[in-house]
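Participant: no sequence on this one, just coordinates:
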């Protein structure tokens, strides 16, 4: 899995491309110094990125495992480390360790199912990995609906990829929405939860949901109203992590460690957990 | 002077005078060594003591601070405050054994280019003569070791050669049989041999029990009458010796209220939380706790109107570790009986009796006095608990009718002097001995932050040590320098505000005498700026936030230690 | 089994130290902690509880993981060296050894923590029978028998003799090695190595150390076999007397009913937590002295040209423990306090076959600045449970 000598020892990685997605989100492409990927991963898994002397944090790998050349991380600027990352340029190196955590069950439970992806803001990052994985193994899955919303047009991450690639894929529908009306935007305006209700989605489908906690809360309520089963709604959680392997003890919710037993949880599992996240 | 040694020197220079002075030195072509690295600051008052320590930590061999001459400050008074601060800091550095002369303050005006150059030349020469900052850099080196337990392989050979390993011979073993033997043999323990002991004097234990009863009745009244919404006191624990601070909201809950000889915890700090609650909180404060409350009032952290203070009598509080240190273990339930000067303990290893003073908290032996500095009413009697150095006996007359005022009078010539006895003892040691003493004491620190979190003066919402600006986390003990810095800076932050309540030393799991740092500051303040006792009166101005034109210069530290 | 008279303990320690690093309880100004055996230290094998547990020996409070250059154009990672030489930890008590087992389940479960594993493999644990359990001890409640502490070998002081018995192959090899050193140093008179069942015949001097009574030990009466049986009997009786003492200690009978895997679901939301946490100062004393607390933080130390990444113990009691750039899931001290006890008594057992992550060492009782501890928590819920019925 990981080429690291110990699970806590990272590998150096080179930033080979940086895409400015939105004013505060950049996507970093990372390769091994000798070229190629640092490690293999599954959709939904995370890795620890570190700028020595600044800090280390867990980020979801946004590229699909079917991409054999590199890994990508979409990172929103919100703290000390992410600030620093945003200041880096192509050719700079960071250290990477991982992959950590579980993944979306793309090889088991999701196979053959109709899939609905619901994302808000930077929440698209972990889902993009699955969306592209599904696209590359299109025959294995049913219809795909992607509902993605953001504060404004400028805040839609991977806008180009969504409109130019995803929307053109077979048996795939993309629904975009922004919170407030904006010049030049002809699409839907409104919050994701209400949009989801309007769309009249297939309640038998499996939902993969990721976004800010408040969005998750309302989308979930809406979905349940529409007759979706909690058993078929997946989400990813995030808490402060240090080790990534369920030992440093800070990312637990009840007896589950988000870094090891998560980050992907079904809502039936989340219901079992104490309300502390 | 070491051959080829070039010192690293950091100079903090005030923008208005000294920096201009340096400029003048440059334009006048007066040279000074390139080892001096100047950091420009807006005012000498901007120099946080932490800057000085940080410079040392990062490898400086000497640190000098230059500012406008007193009276000439661009901001009129900044350098007066700086003068007091640096004097106290230098004195503390001297106290922990950092060589004298590694830090210096010099007033240099914009016109004194020649003085700047001369000062720097002198200072560099002085640092060269002191050599590398070995004491502090050694600390840094040990810090980078992999673990606390890593030793050099070479050291292994020395065991056999030196053979100086001491094994404690007192094998307290073999169940009850041996413990009886030990009881007789242990010098520390006092064997029940004096049946008369405690007969003539009121038993403080029962007195405390009476106080507890009166408190319970009164507190219940306060709650029932609605005069207080809640009571802050102590709750009975699992054993005699572990009462915990607790809020009581009704009469039923008061059933678990306790006031005994182990209620050492200072409740004042909890009043910060209570200030945010609705209604009046009745709080039980011992005499020394009232100083802390006053200080918190001075700092506007507690609300007097929302507080009803019951001053409770105090006969000196005991520490369980003090009892344990005498080999008393296996204490039975309700097995501790405290009398005026004895503690009788029933244990599964047999009954023990020890002297009360031997298990008393250090701070009680040097009590500031049994007078409550702020209260709404008083319950229970106090007794002088100061212990005379040398004899180890109580200073107070401990007469049956000893009153508060008597005890307070007694302390004037006893406890007060005693309070600084240990500081004085250490001051008399050589710098190297002082350094070794504190290095050893602080080497036990586990960075649990108990001292900080219990301290009523450490009431910052976010501690400077909890930030990310330090290489070492507030919880990492990997760097001995950080440890030292943590304790010095903490003591400095509370200097002039510390009431010497002794909680830091009480709670330290490693029994590090942290109060010595605070007392050193208090002693210096008393000597240099006049007697001051934080918390004696609410609203008093701390010596570090005032000044006089005639204050001592920081060089007084060097001069004073020359006299030693 | 190896037997040596207590006044020869220095020689035994020297013998161990000649072969490997030796870590044992040493005193510094009245405080006993585990430390390296080196010249000048004051060894206190008689101390029942060290301030900190011995977990430092395997999971140090701070340890370097790797160092890394700061040049972002040319990063290289140099992992820290793993422990690669043997060391012995002498005098760990039953509770601390149970603590190690608790840590093992965390650090040795997949993915294995290499740093811990290296120390575990190189470390030999010599347990020690508790001679004077304290009233704050409650190891029995967690199924720890302080007279059978476990470890690779077990030491016990009875009278003026120190017995060391191997518990496994590692311990056996250790004892053989040490007795060889002792014998080669002509200390054979005072140390006897033999199997617990078979009696290895040696010359008559062997008996000298066998008897408690000094006069007898000089005389040569009594056969080797009876002496051996005598010792075993003495050991057995000694342990029995200690067990009887533990029965008398007030906290040993602590009930853990309603905890672990059988914890009621509403425990997390119980209003009792709000009452219990109140005096908590949010210091880390309990977590740092605890033999099972394993939470750690990973931090950078700027060495100038490079960055040294180290890990250090962390405490769930600290407000920054779970702090993230976008918020903190545990905003109150109550939540942090609850986390600590729920982890020890509920979460850990749920993940580890019902084994509690508390060993009853009682250090939190001894050291909490405001006298909070796990016993109070357990008893408070027990009391509440009774009232509800």
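Facilitator: It's in. Bear in mind that the values here come from a model prediction, so they are computed numbers and not experimental data.
Participant: List the buried residues of the strand of greatest length in chain B.
Facilitator: Across chain B, the longest stretch assigned as strand under DSSP state E is strand B:331-338. Neighbour counts using 16 or more other Cβ atoms under 10 Å in any protein chain shown place B:331-332, B:335-336, B:338 of strand B:331-338 among the buried residues. (Each C-beta comes from the backbone N, C-alpha and C, glycine too.)
Participant: which residues touch it?
Facilitator: B:204-205, B:208, B:239-241, B:260-261, B:318, B:323, B:343-348, B:356, C:134-135, C:248, C:250 (Cβ atoms under 8 Å, 6 or more residues apart in numbering or on different chains).
Participant: Got a ChimeraX select line for the buried ones in these?
Facilitator: The buried residues among the contacts of strand B:331-338 can be selected in ChimeraX (16+ other Cβ under 10 Å) with this line:
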select /B:204,205,208,239,240,241,260,261,318,323,343,344,345,346,347,348,356 /C:134,135,250
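Participant: Mind checking what secondary structure the residue nearest to the spatial centre of chain A has?
Facilitator: The centroid of chain A falls nearest to residue A:126 when counting by Cα atoms, centre = their mean (1.2 Å). Secondary structure, DSSP: H, G, I helix; E, B strand; the rest coil: residue A:126 is helix.
Participant: How about the residue of chain A found nearest chain B: what's its closest non-neighbour residue?
Facilitator: Relative to chain B, the nearest point of chain A is residue A:80 (6.8 Å; Cβ to the nearest Cβ). Once flanking residues are discounted, residue A:80 sits nearest to residue A:55: 5.9 Å by Cβ to Cβ, 6 or more residues apart in numbering or on different chains.
Participant: Run through the residues that contact that neighbour.
Facilitator: Applying Cβ under 8 Å, 6+ apart, the residues near residue A:55 are A:80-81, A:84, C:300.
Participant: Per-residue pLDDT of it, please?
Facilitator: On pLDDT, residue A:55 comes in at 86.
Participant: tell me which residues form a beta bridge with it?
Facilitator: residue A:51 (DSSP bridges).
Participant: Tell me the gap between the longest strand of chain B and the middle of its chain.
Facilitator: In terms of Cα atoms, centre = their mean, to the nearest Å, the centre of strand B:331-338 is set 31 Å apart from its chain centre.
Participant: I'd like the next helix or strand past it.
Facilitator: strand B:342-347 (DSSP states H and E).
Participant: follow-up on the earlier one: out of the contacts of residue A:55, which are buried?
Facilitator: Of the contacts of residue A:55, these count as buried by 16+ other Cβ under 10 Å: A:81, C:300.
Participant: Quick one: the contacts of residue A:55 as TSV, columns for distance to residue B:126 and secondary structure too.
Facilitator: TSV is the format used below for these (distance: Cβ to Cβ, whole Å; DSSP: H, G, I helix; E, B strand; the rest coil):
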residue	distance to residue B:126	secondary structure
A:80	40	helix
A:81	43	helix
A:84	41	helix
C:300	35	strand
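Participant: so residue B:106 sits in a strand?
Facilitator: Yes - with three-state DSSP as the criterion, residue B:106 is located in a strand.
Participant: can I see the domain layout of chain B?
Facilitator: Domain ranges of chain B: B:9-142, B:204-418, B:430-563, per automatic domain parsing.
Participant: if we compare those domains, which one ends up closest to residue A:228?
Facilitator: Nearest of those to residue A:228, taken as Cβ to Cβ: domain B:430-563 at 42.3 Å.
Participant: Can you classify the closest residue to chain A within the stretch 201-350 of chain B by secondary structure?
Facilitator: The nearest approach of the stretch 201-350 of chain B to chain A comes at residue B:273, 22.3 Å away (Cβ to the nearest Cβ). Three-state assignment for residue B:273 (three-state DSSP): helix.
Participant: Can you report how many residues lie near it?
Facilitator: For residue B:273, the count of nearby residues is 13 (other Cβ atoms under 10 Å in any protein chain shown).
Participant: what's the answer for the one 5 residues further on, then?
Facilitator: Residue B:278 is surrounded by 8 other residues when neighbours are defined as other Cβ under 10 Å.
Participant: Look up the closest residue to it, ignoring the ones flanking it.
Facilitator: Using Cβ to Cβ, 6+ apart, the nearest residue to residue B:278 is residue B:229, at 6.6 Å.
Participant: Great, nothing more from me.
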